[in-house]
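Participant: pasting the sequence and the predicted coordinates here, then a few questions.
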Amino acid sequence: MGYVSAVPVPQPRAEAASATSSRRSLAAALFLGAVGATVVLLASGQIWAEGTAAVGGGAVPLDAQGSDVTGVPTALAIVGLAALVAVFAVRRAGRLLVSALLALSGAGAALAAFLGASDSAALDAKAAKTTGDTAAAIDALTHTAWPYVAAVGGLLILLAGLLALWFGKSWPAMSGRYERDGSPRPRKAPAVDPDRPEDLWKALDRGEDPTREA
């Protein structure tokens, strides 16, 4: 009586589910990273704080954009975008490091924007310049919601980085045909036309057998 050995049977449904999950995480990371960086860059160009400076018995309205308060969120958003693209150009440990950089860029941008929401140094500097008094300070200081919008953008970049850290190993990498390892590529020998004597002589000079079929 024979015995039938247990042979593992491929599970196409499980493989399809894994591929679908990989594609979804990839799409989510790209969307979150791109939107987050765009939000940070746009919010950093808006007014974050407003106030007045006393000049000659009157008051001059002053405002400060996010880029006046801190340039950190903008810089880290750009770093995050670069890291998001670089994730697909590297593999294994390199992808892990780039994914970590993406997450840290988002966390740093969010923290810097949150801290800038209560900052008054930029307006104090403008008040001192406007009044000519280095000790001048801004009056009636108010802050807008834009710093918090920038912080949310930073959190979106952070989420993209976390997705890359968790699922990045299953994402596709840049095609090998676009990579260069520095090694010379073999050149294909030119075709030899047996009806042309000059081609035969050139093949013999190259050490080839012109009578051998390709």
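Facilitator: Structure received.

Participant: show me how far the strand or helix carrying Ala122 is from its chain's centre.
Facilitator: Ala122 is part of helix 121-131, with elements assigned from DSSP states H and E. Centre-to-centre, helix 121-131 and its host chain are 35 Å apart (C-alpha atoms, centre = their mean, to the nearest Å).

Participant: contacts for that helix, please.
Facilitator: 49-51, 53-55, 60, 62-64, 68-69, 134-138, 141 (C-beta atoms under 8 Å, 6 or more residues apart in numbering). C-beta: built from backbone N, CA, C; applies to glycine.

Participant: give me that answer again for 6 Å
Facilitator: For helix 121-131, contacts defined as C-beta atoms under 6 Å, 6 or more residues apart in numbering pick out 49, 51, 53, 55, 60, 62, 64, 68-69, 134, 136-138.

Participant: what does stretch 155-166 give?
Facilitator: So stretch 155-166 is contacted by 25, 28-29, 32-33, 35-36, 80, 87, 99, 102-103, 105-107, 110 (C-beta under 6 Å, 6+ apart).

Participant: try 7 Å this time
Facilitator: 25, 28-29, 32-33, 35-37, 39, 77, 80, 84, 87, 99-100, 102-103, 105-107, 109-110 (C-beta atoms under 7 Å, 6 or more residues apart in numbering).

Participant: weed out the non-buried ones from the residues you listed.
Facilitator: Buried subset of these (neighbour count, 16 or more other C-beta atoms under 10 Å): 25, 29, 32-33, 36-37, 39, 77, 80, 84, 87, 99, 102-103, 105-107, 109-110.

Participant: helices along this protein, start to end?
Facilitator: 12-44, 66-69, 72-86, 92-116, 121-131, 146-167, 197-205 (DSSP state H).
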